[in-house]
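1. One predicted model, sequence on top.
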Amino acid sequence: MKQLSFILFCTLSFLFSCNQPQQNEEIQNEIINTAKGQLFIIGGGKRPPILVNKIIELANLKRGGYGIILPMSSSEPDSAIYYSKLQFTEAGITNITGMNIKKGELPTRAQIDSLSNASLIYISGGDQNKFMDIIAGTDIRKAIKTAYTNGSVIAGTSAGAAVMSEVIITGDERNYPDYDNTLRSIEGNNIITAEGLGLLTTAIVDQHFIKRARYNRLFSVCIEYPQLMGLGIDESTAIIVKGDSAEVIGLSQVIRVINKDNELHKNNHLLGAKNLQVSVLLPGDKFSLVN
């Protein structure tokens, strides 16, 4: 009887151990981003043909799809539409138009429907705070999310890249009223953040990154928001987000910062973290957006 009990115990232990890794694997492979669409997040600067052509390909603009340019980040929206559209026109794409919504103006039902069903929504550069302020209280954010969920490409450059995140870097500092392009220190309660479009929930984006040496800014935000991956995208460079993974494309690099131990140390006003993982990613590199 004792021998039979021992054999039964061993058998059950073996079966349990076989099932356990599968359960862990399911937890590890849990999908966070279920959208069918893709994000095309450009770090600003010039947009070389490799970026424009890839957007056209992903959005199926040569096979019946259409694109809409949202220029509300720009102080000169008509010019933003013109120059953004020009690059697509030069590539043979004419089924793309601009949609400029002014502050306090509610988009029509037809405009919201057009956004929701667009193959491409392209957000221009400028000021991310201006863009988010203009669309506040409208259905534009919802329409962009609907398009992305259903399979559209949502592209943006510079400010249009910054708004992709759930938490966005506004560019302003609490402790220093004079604007600084790179951020002069790594200190707590200084960087001002705001709510973005929420298309990218596991990372926060910074743009013009290597060109403007914005390391202090990204380090600061990754320490204060340890659950978020920091992505510093350089000019003429982009990441293509599909599901929970991304790929670098373009002419330069992407800096990825992960706060491995979710650390946040403070010494008076200074911030510290002893295990930040910094990666320099090249065009063609693919990476997970889930820490």
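-> Yep, it's here.

2. Can you mark which positions in stretch 94-105 are buried?
-> 96, 98, 99, 100, 101 (16 or more other C-beta atoms under 10 Å). For every residue, glycine as well, the C-beta is placed using N, CA and C.

3. ugh, typo on my part, it should be stretch 159-179
-> In stretch 159-179, counting by 16+ other C-beta under 10 Å, buried: 159, 160, 161, 162, 163, 164, 165, 167, 168, 169, 171, 173.

4. OK, contacts around the nearest residue to the last one once chain neighbours are set aside?
-> Among residues not flanking residue 173 along the chain, residue 190 sits closest, at 5.2 Å (C-beta to C-beta, 6 or more residues apart in numbering). For residue 190, the contact set (C-beta atoms under 8 Å, 6 or more residues apart in numbering) comprises 173, 174, 175, 176, 220, 269.

5. what's the nearest residue to the second one once chain neighbours are set aside sitting at in phi/psi?
-> Just to be clear, that refers to residue 174. Sequence neighbours aside, residue 190 is the residue nearest to residue 174 in space, at 5.3 Å (criterion: C-beta to C-beta, 6+ apart). The phi/psi pair for residue 190 (degrees, to the nearest 10) reads phi -120, psi -50.

6. For the remainder of this discussion, apply numbering that starts at 799.
-> Okay, residue one is now 799; in that scheme the one you just asked about reads as residue 988.

7. how near is residue 988 to residue 966?
-> If you measure residue 988 against residue 966 using C-beta to C-beta, to the nearest Å, the figure is 16 Å.

8. This protein: helices as residue ranges?
-> Using DSSP state H, the helices of the chain run over 800-826, 847-856, 875-888, 907-914, 926-933, 938-948, 957-960, 1013-1022.

9. got the CA coordinates for the fourth one in CSV?
-> This file holds the C-alpha atoms of helix 907-914, laid out as CSV (Å, rounded to 0.1, in the frame of the first residue of the first chain):
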residue,chain,number,x,y,z
ARG,A,907,-20.3,63.4,-38.0
ALA,A,908,-18.9,62.9,-41.6
GLN,A,909,-15.4,64.0,-40.5
ILE,A,910,-15.5,61.5,-37.6
ASP,A,911,-16.7,58.7,-39.9
SER,A,912,-13.9,59.6,-42.3
LEU,A,913,-11.3,59.4,-39.6
SER,A,914,-12.7,56.1,-38.2
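
10. And residue 840, how far from residue 1045?
-> Distance, residue 840 to residue 1045, using C-beta to C-beta: 13 Å.

11. again but with residue 925, I slipped
-> From residue 925 to residue 1045 the distance is 28 Å (C-beta to C-beta).

12. before we move on, back to that, name the residue in residue 840 and residue 1045 with the higher neighbour count.
-> For residue 840 versus residue 1045, neighbours defined as other C-beta atoms under 10 Å are more numerous around residue 840 (29 against 16).

13. hang on, that one packs against residue 1039?
-> No - Residue 840 is not in contact with residue 1039 according to C-beta atoms under 8 Å; the separation is 11.9 Å.

14. and the nearest residue to residue 871 once chain neighbours are set aside, what is it in contact with?
-> Counting by C-beta to C-beta, 6+ apart, residue 871 lies nearest to residue 924, which is 3.2 Å off, once chain neighbours are set aside. Counting by C-beta under 8 Å, 6+ apart, residue 924 touches 869, 870, 871, 872, 873, 878, 956, 957, 958.

15. Can you give me the pLDDT of residue 924?
-> pLDDT for residue 924: 97.

16. what does the one 3 residues further on give?
-> On pLDDT, residue 927 comes in at 97.

17. wait, it sits on residue 990?
-> No - the criterion here is C-beta under 8 Å, and residue 927 misses it with residue 990 at 9.3 Å.

18. list residues touching both of the two?
-> Common contacts of residue 927 and residue 990, defined by C-beta under 8 Å, 6+ apart, comprise 968, 970.

19. I'd say residue 912 and residue 897 touch.
-> Yes - contact criterion C-beta under 8 Å: residue 912 and residue 897 qualify, at 7.3 Å.

20. Need the overlap of contacts for these two.
-> Common neighbours of residue 912 and residue 897, counting by C-beta under 8 Å, 6+ apart, are residue 866.

21. so how far is residue 899 from residue 935?
-> 11 Å.

22. Show the pLDDT at residue 1065.
-> Confidence for residue 1065, expressed as pLDDT, is 85.
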